[in-house]
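> kindly return the folded structure for what I paste below:
(one chain, ligands or ions: 1)
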Amino acid sequence: MVRAFAPGKCILFGEHAVVYGHPAVAVAIDSGVEVELTESDSWTIEGMSFEAHRHPHISHILNDVFGYDGVPLRMEISSGLFSAAGLGSSAALSNAMSAAVQRLTHPDDEIDSVQLARIGHAAEVKAQAGRASPTDTATSALGGCVVVSGDIVEGAEHVFDASLVTPEGERKWSICKVNLPPEIDAWLVLGFTGIGSPTGEMVAGVARLLERDPSKHADMEAIARITQAGLTALGAGNLEAVGMAMDACHVRLQSLEVSSPELDALVEAVRPHSLGAKLTGAGGGGCMVALTDEPQRVAEAIEVAGGTPLISRLGAEGVRILA
Ligand code: PMV
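Sure, this is the predicted structure:
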(Lines give C-alpha, C1' and ligand atoms only; values in the text may rest on other atoms or scores of the structure.)
Protein backbone atom coordinates (compact mmCIF):
# COMPACT_ATOMS: atom_id res chain seq x y z
CA MET A 1 0.00 0.00 0.00
CA VAL A 2 1.21 3.52 -0.72
CA ARG A 3 -0.30 6.87 0.31
CA ALA A 4 0.64 10.25 -1.16
CA PHE A 5 -0.60 13.78 -0.53
CA ALA A 6 -0.42 16.93 -2.67
CA PRO A 7 -1.62 20.36 -1.56
CA GLY A 8 -4.04 22.71 -3.28
CA LYS A 9 -3.08 26.27 -4.17
CA CYS A 10 -4.30 29.80 -3.85
CA ILE A 11 -3.34 32.61 -6.24
CA LEU A 12 -2.31 35.65 -4.20
CA PHE A 13 -1.60 37.97 -7.13
CA GLY A 14 -1.68 38.05 -10.90
CA GLU A 15 -4.67 35.93 -11.98
CA HIS A 16 -5.80 36.89 -15.49
CA ALA A 17 -2.70 39.06 -16.00
CA VAL A 18 -0.66 35.81 -16.19
CA VAL A 19 -2.62 34.91 -19.32
CA TYR A 20 -1.02 38.00 -20.93
CA GLY A 21 2.53 37.07 -19.88
CA HIS A 22 2.63 38.93 -16.54
CA PRO A 23 3.66 37.08 -13.38
CA ALA A 24 1.27 35.30 -11.03
CA VAL A 25 2.10 34.43 -7.42
CA ALA A 26 0.55 31.35 -5.84
CA VAL A 27 1.04 29.60 -2.50
CA ALA A 28 0.44 25.98 -1.56
CA ILE A 29 -2.28 25.60 1.08
CA ASP A 30 -2.62 23.08 3.91
CA SER A 31 -5.60 21.25 2.40
CA GLY A 32 -5.14 19.00 -0.59
CA VAL A 33 -5.75 15.58 -2.07
CA GLU A 34 -4.65 12.23 -0.67
CA VAL A 35 -4.34 9.13 -2.84
CA GLU A 36 -4.06 5.59 -1.48
CA LEU A 37 -3.13 2.73 -3.82
CA THR A 38 -3.48 -0.88 -2.71
CA GLU A 39 -2.68 -3.95 -4.80
CA SER A 40 -5.95 -5.77 -5.45
CA ASP A 41 -7.60 -8.34 -7.68
CA SER A 42 -9.63 -5.81 -9.69
CA TRP A 43 -9.26 -2.16 -10.80
CA THR A 44 -11.41 0.14 -8.66
CA ILE A 45 -11.57 3.83 -7.86
CA GLU A 46 -13.53 5.11 -4.89
CA GLY A 47 -15.15 1.67 -4.61
CA MET A 48 -16.40 1.71 -8.24
CA SER A 49 -15.03 -0.11 -11.24
CA PHE A 50 -12.21 1.97 -12.83
CA GLU A 51 -12.93 3.02 -16.42
CA ALA A 52 -9.88 4.68 -17.96
CA HIS A 53 -11.81 7.04 -20.31
CA ARG A 54 -13.67 8.56 -17.35
CA HIS A 55 -10.37 9.45 -15.62
CA PRO A 56 -8.03 10.81 -18.32
CA HIS A 57 -5.51 12.26 -15.79
CA ILE A 58 -5.18 8.98 -13.96
CA SER A 59 -4.98 6.70 -16.98
CA HIS A 60 -2.38 9.05 -18.56
CA ILE A 61 -0.24 8.84 -15.41
CA LEU A 62 -0.58 5.06 -15.04
CA ASN A 63 -0.14 4.09 -18.68
CA ASP A 64 1.66 6.86 -20.62
CA VAL A 65 3.98 8.14 -17.88
CA PHE A 66 4.80 5.10 -15.77
CA GLY A 67 3.75 2.27 -18.14
CA TYR A 68 2.23 0.50 -15.14
CA ASP A 69 1.82 -3.22 -15.85
CA GLY A 70 1.51 -4.57 -12.31
CA VAL A 71 -1.47 -6.17 -10.59
CA PRO A 72 -4.78 -4.23 -10.51
CA LEU A 73 -5.03 -1.40 -7.98
CA ARG A 74 -7.67 -0.25 -5.55
CA MET A 75 -7.50 3.55 -5.68
CA GLU A 76 -8.94 5.66 -2.87
CA ILE A 77 -8.97 9.44 -3.18
CA SER A 78 -9.87 11.92 -0.47
CA SER A 79 -9.94 15.66 -1.01
CA GLY A 80 -10.05 18.50 1.48
CA LEU A 81 -10.52 21.04 -1.34
CA PHE A 82 -13.69 22.54 -2.78
CA SER A 83 -13.80 21.40 -6.39
CA ALA A 84 -14.19 23.77 -9.37
CA ALA A 85 -13.33 26.56 -6.93
CA GLY A 86 -9.90 27.63 -8.19
CA LEU A 87 -7.99 25.72 -5.51
CA GLY A 88 -6.21 23.39 -7.91
CA SER A 89 -7.92 20.16 -6.88
CA SER A 90 -7.31 18.44 -10.20
CA ALA A 91 -3.61 19.39 -10.16
CA ALA A 92 -3.31 18.10 -6.59
CA LEU A 93 -4.93 14.83 -7.68
CA SER A 94 -2.49 14.49 -10.61
CA ASN A 95 0.50 15.16 -8.36
CA ALA A 96 -0.58 12.86 -5.53
CA MET A 97 -1.40 10.10 -8.03
CA SER A 98 1.96 10.50 -9.82
CA ALA A 99 3.87 10.42 -6.54
CA ALA A 100 2.00 7.29 -5.41
CA VAL A 101 2.47 5.46 -8.74
CA GLN A 102 6.14 6.46 -8.84
CA ARG A 103 6.68 5.07 -5.34
CA LEU A 104 4.90 1.84 -6.33
CA THR A 105 6.85 1.36 -9.57
CA HIS A 106 10.25 2.76 -8.46
CA PRO A 107 10.31 2.23 -4.69
CA ASP A 108 13.99 3.19 -4.37
CA ASP A 109 13.76 6.53 -6.21
CA GLU A 110 13.53 9.82 -4.34
CA ILE A 111 10.41 11.87 -5.07
CA ASP A 112 11.51 14.59 -7.52
CA SER A 113 9.04 17.48 -7.21
CA VAL A 114 10.14 19.17 -10.47
CA GLN A 115 9.63 15.94 -12.39
CA LEU A 116 6.21 15.54 -10.73
CA ALA A 117 5.31 19.15 -11.61
CA ARG A 118 6.09 18.38 -15.27
CA ILE A 119 4.16 15.09 -15.21
CA GLY A 120 1.22 16.81 -13.50
CA HIS A 121 1.20 19.61 -16.08
CA ALA A 122 1.20 17.12 -18.96
CA ALA A 123 -1.70 15.24 -17.31
CA GLU A 124 -3.66 18.50 -16.95
CA VAL A 125 -3.01 19.37 -20.59
CA LYS A 126 -4.23 15.93 -21.61
CA ALA A 127 -7.41 16.29 -19.56
CA GLN A 128 -8.14 19.92 -20.55
CA ALA A 129 -8.11 19.82 -24.34
CA GLY A 130 -4.54 21.10 -24.70
CA ARG A 131 -4.85 24.21 -22.51
CA ALA A 132 -3.46 24.40 -18.97
CA SER A 133 -1.04 26.76 -17.31
CA PRO A 134 1.56 25.08 -15.07
CA THR A 135 0.56 27.28 -12.08
CA ASP A 136 -1.55 24.75 -10.19
CA THR A 137 0.65 21.71 -10.77
CA ALA A 138 3.92 23.55 -10.04
CA THR A 139 2.60 25.10 -6.82
CA SER A 140 1.17 21.81 -5.61
CA ALA A 141 4.37 19.89 -6.46
CA LEU A 142 6.96 22.39 -5.21
CA GLY A 143 4.99 23.79 -2.26
CA GLY A 144 5.76 27.14 -0.66
CA CYS A 145 5.35 30.25 -2.79
CA VAL A 146 5.67 29.99 -6.58
CA VAL A 147 5.85 32.64 -9.29
CA VAL A 148 4.80 31.74 -12.82
CA SER A 149 5.69 34.25 -15.48
CA GLY A 150 6.56 34.84 -19.11
CA ASP A 151 9.96 36.11 -17.93
CA ILE A 152 12.28 35.30 -15.06
CA VAL A 153 11.16 37.41 -12.10
CA GLU A 154 13.59 39.42 -10.01
CA GLY A 155 13.94 38.30 -6.41
CA ALA A 156 12.73 34.77 -7.15
CA GLU A 157 14.78 31.60 -7.63
CA HIS A 158 14.34 30.01 -11.07
CA VAL A 159 13.33 26.33 -10.83
CA PHE A 160 12.26 25.19 -14.29
CA ASP A 161 10.66 26.26 -17.56
CA ALA A 162 7.53 24.90 -19.16
CA SER A 163 6.14 25.33 -22.62
CA LEU A 164 3.06 24.17 -24.42
CA VAL A 165 1.70 24.32 -27.94
CA THR A 166 -1.93 25.31 -27.39
CA PRO A 167 -4.64 25.67 -30.02
CA GLU A 168 -3.84 29.43 -29.90
CA GLY A 169 -0.07 29.08 -30.38
CA GLU A 170 3.00 28.34 -28.28
CA ARG A 171 3.09 29.48 -24.66
CA LYS A 172 6.17 29.54 -22.44
CA TRP A 173 6.46 29.94 -18.71
CA SER A 174 9.26 30.31 -16.26
CA ILE A 175 8.57 28.83 -12.82
CA CYS A 176 10.37 30.38 -9.85
CA LYS A 177 10.21 29.95 -6.08
CA VAL A 178 10.12 32.72 -3.49
CA ASN A 179 11.49 31.99 -0.04
CA LEU A 180 8.93 33.19 2.47
CA PRO A 181 10.48 34.46 5.71
CA PRO A 182 9.98 31.79 8.41
CA GLU A 183 8.61 34.34 10.88
CA ILE A 184 5.45 35.08 8.83
CA ASP A 185 2.73 35.11 11.45
CA ALA A 186 -0.50 35.31 9.47
CA TRP A 187 -3.05 33.02 7.95
CA LEU A 188 -4.98 32.75 4.76
CA VAL A 189 -8.70 32.22 5.03
CA LEU A 190 -10.40 31.15 1.83
CA GLY A 191 -14.11 31.73 1.41
CA PHE A 192 -15.97 29.57 -1.10
CA THR A 193 -19.05 31.20 -2.63
CA GLY A 194 -20.56 27.77 -3.34
CA ILE A 195 -20.65 28.66 -7.04
CA GLY A 196 -18.32 26.93 -9.50
CA SER A 197 -15.69 29.10 -11.16
CA PRO A 198 -15.76 28.72 -14.96
CA THR A 199 -12.09 29.51 -15.75
CA GLY A 200 -12.37 29.24 -19.55
CA GLU A 201 -15.43 31.49 -19.70
CA MET A 202 -13.88 34.09 -17.41
CA VAL A 203 -10.64 34.21 -19.44
CA ALA A 204 -12.67 34.56 -22.66
CA GLY A 205 -14.78 37.32 -21.07
CA VAL A 206 -11.67 39.32 -20.19
CA ALA A 207 -10.37 38.95 -23.76
CA ARG A 208 -13.68 40.31 -25.11
CA LEU A 209 -13.64 43.20 -22.61
CA LEU A 210 -10.09 44.22 -23.64
CA GLU A 211 -11.12 44.21 -27.29
CA ARG A 212 -14.25 46.27 -26.62
CA ASP A 213 -12.56 48.67 -24.22
CA PRO A 214 -8.77 48.89 -24.73
CA SER A 215 -8.51 51.29 -21.75
CA LYS A 216 -8.89 48.16 -19.59
CA HIS A 217 -5.33 47.22 -20.53
CA ALA A 218 -4.41 49.72 -17.80
CA ASP A 219 -5.89 47.28 -15.26
CA MET A 220 -3.63 44.50 -16.55
CA GLU A 221 -0.59 46.75 -16.27
CA ALA A 222 -1.70 47.75 -12.76
CA ILE A 223 -2.10 44.11 -11.72
CA ALA A 224 1.44 43.43 -12.97
CA ARG A 225 2.78 46.33 -10.83
CA ILE A 226 0.73 45.26 -7.81
CA THR A 227 2.01 41.68 -8.20
CA GLN A 228 5.62 42.88 -8.18
CA ALA A 229 4.95 45.05 -5.11
CA GLY A 230 3.13 42.18 -3.38
CA LEU A 231 6.02 39.86 -4.12
CA THR A 232 8.58 42.26 -2.69
CA ALA A 233 6.41 42.71 0.42
CA LEU A 234 6.00 38.94 0.81
CA GLY A 235 9.75 38.34 0.55
CA ALA A 236 10.36 41.00 3.20
CA GLY A 237 7.61 39.63 5.47
CA ASN A 238 5.81 42.99 5.32
CA LEU A 239 2.29 41.64 5.76
CA GLU A 240 0.55 45.02 5.87
CA ALA A 241 1.95 45.82 2.46
CA VAL A 242 0.95 42.36 1.19
CA GLY A 243 -2.60 43.02 2.41
CA MET A 244 -2.72 46.45 0.75
CA ALA A 245 -1.57 44.89 -2.51
CA MET A 246 -4.33 42.25 -2.23
CA ASP A 247 -6.97 44.98 -1.74
CA ALA A 248 -5.63 46.91 -4.73
CA CYS A 249 -5.62 43.75 -6.83
CA HIS A 250 -9.30 43.10 -6.03
CA VAL A 251 -10.26 46.59 -7.26
CA ARG A 252 -8.50 45.92 -10.59
CA LEU A 253 -10.14 42.49 -10.91
CA GLN A 254 -13.52 44.15 -10.31
CA SER A 255 -12.70 46.58 -13.09
CA LEU A 256 -11.96 43.59 -15.35
CA GLU A 257 -15.48 42.39 -14.48
CA VAL A 258 -14.40 39.03 -13.03
CA SER A 259 -15.74 39.58 -9.52
CA SER A 260 -19.34 38.81 -8.60
CA PRO A 261 -21.82 40.06 -5.97
CA GLU A 262 -21.13 36.92 -3.91
CA LEU A 263 -17.34 37.37 -4.02
CA ASP A 264 -17.65 41.09 -3.23
CA ALA A 265 -19.94 40.33 -0.28
CA LEU A 266 -17.40 37.90 1.23
CA VAL A 267 -14.50 40.33 0.61
CA GLU A 268 -16.44 43.15 2.33
CA ALA A 269 -17.44 40.89 5.23
CA VAL A 270 -13.84 40.03 6.14
CA ARG A 271 -12.29 43.49 5.77
CA PRO A 272 -12.63 44.53 9.45
CA HIS A 273 -10.48 41.57 10.55
CA SER A 274 -8.13 41.26 7.58
CA LEU A 275 -4.87 42.75 6.38
CA GLY A 276 -6.19 42.40 2.84
CA ALA A 277 -8.72 40.43 0.81
CA LYS A 278 -9.46 39.68 -2.83
CA LEU A 279 -11.02 37.13 -5.11
CA THR A 280 -8.61 34.34 -6.00
CA GLY A 281 -8.40 32.44 -9.29
CA ALA A 282 -10.60 33.03 -12.29
CA GLY A 283 -13.52 34.67 -10.45
CA GLY A 284 -17.17 34.59 -11.48
CA GLY A 285 -17.64 32.22 -8.54
CA GLY A 286 -15.10 30.10 -6.72
CA CYS A 287 -13.24 31.62 -3.79
CA MET A 288 -11.97 34.80 -2.21
CA VAL A 289 -8.98 34.88 0.10
CA ALA A 290 -8.14 37.01 3.12
CA LEU A 291 -4.77 37.51 4.81
CA THR A 292 -5.28 37.85 8.54
CA ASP A 293 -3.92 37.34 12.03
CA GLU A 294 -7.44 36.57 13.26
CA PRO A 295 -8.32 33.46 11.21
CA GLN A 296 -11.22 32.30 13.40
CA ARG A 297 -12.98 35.68 13.26
CA VAL A 298 -12.51 35.86 9.50
CA ALA A 299 -13.84 32.30 9.13
CA GLU A 300 -16.92 33.31 11.17
CA ALA A 301 -17.43 36.45 9.08
CA ILE A 302 -17.32 34.32 5.91
CA GLU A 303 -19.89 31.88 7.31
CA VAL A 304 -22.21 34.68 8.42
CA ALA A 305 -21.99 36.19 4.92
CA GLY A 306 -23.02 32.85 3.38
CA GLY A 307 -19.63 31.42 2.35
CA THR A 308 -17.70 28.32 3.43
CA PRO A 309 -14.32 29.07 5.04
CA LEU A 310 -11.04 27.16 4.84
CA ILE A 311 -8.10 28.24 7.01
CA SER A 312 -4.53 27.64 5.86
CA ARG A 313 -0.98 28.61 6.58
CA LEU A 314 0.89 30.48 3.85
CA GLY A 315 2.96 28.21 1.64
CA ALA A 316 2.48 24.61 2.80
CA GLU A 317 4.91 21.80 1.92
CA GLY A 318 4.58 20.34 -1.61
CA VAL A 319 3.73 16.82 -2.77
CA ARG A 320 4.86 14.05 -0.42
CA ILE A 321 4.65 10.35 0.34
CA LEU A 322 2.77 9.65 3.57
CA ALA A 323 3.27 5.90 3.81
O1 PMV B 1 -9.36 29.61 -10.89
P2 PMV B 1 -8.09 29.06 -11.43
O3 PMV B 1 -7.14 28.59 -10.42
O4 PMV B 1 -8.33 28.11 -12.57
O5 PMV B 1 -7.33 30.34 -11.96
C6 PMV B 1 -7.12 30.63 -13.23
C7 PMV B 1 -6.13 31.72 -13.32
C8 PMV B 1 -6.27 32.51 -14.60
O9 PMV B 1 -5.23 33.45 -14.61
C10 PMV B 1 -7.60 33.24 -14.63
C11 PMV B 1 -6.20 31.61 -15.83
C12 PMV B 1 -4.84 31.00 -16.13
O13 PMV B 1 -4.78 30.12 -17.03
O14 PMV B 1 -3.83 31.40 -15.54
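
> so who does A186 touch?
With contact taken as C-beta atoms under 8 Å, 6 or more residues apart in numbering, A186 is in contact with 239, 275, 291-293, 314. Backbone N, C-alpha and C define where each C-beta goes, glycine included.

> buried subset of the residues you listed?
Among the contacts of A186, the ones that count as buried by 16 or more other C-beta atoms under 10 Å are 239, 275, 291-292, 314.

> now, those residues that are in helices?
Within these, residues falling in helices by DSSP state H are L239.

> name the nearest of the buried ones among the contacts of A186 relative to M75.
L314 (31.1 Å; C-beta to C-beta).

> any idea how far the residue located most distally from the centre of the chain is from the ligand?
For the chain, the residue at maximal distance from the C-alpha centroid (C-alpha atoms, centre = their mean) is D41, at 35.1 Å. Per C-beta to the nearest ligand atom, to the nearest Å, D41 is found 38 Å from the ligand.

> do V270 as well
19 Å.

> how about the secondary structure of that residue?
Recorded secondary structure, V270: helix (DSSP: H, G, I helix; E, B strand; the rest coil).

> thought it was touching A290?
Yes - counting by C-beta atoms under 8 Å, V270 sits close enough to A290 to count as a contact (4.3 Å).

> neighbour count for those two, which is higher?
A290 (32 against 27; other C-beta atoms under 10 Å).

> re the thing from before, mutual contacts of V270 and A290, please.
With C-beta under 8 Å, 6+ apart, V270 and A290 have common neighbours 189, 191, 277, 298, 302.

> which other helices and strands contact the host helix or strand of Q115?
Take DSSP states H and E as the rule and Q115 turns out to sit in helix 113-127. Secondary-structure packing of helix 113-127 (3 or more C-beta pairs under 8 Å, 6 or more residues apart in numbering; DSSP states H and E): helix 56-59, helix 89-105, helix 135-142, strand 157-166.

> what's the closest of these to the ligand?
helix 135-142 (5.7 Å; C-beta to the nearest ligand atom).

> give the buried residues for the closest one.
Those would be 135-142, for helix 135-142 by 16+ other C-beta under 10 Å.
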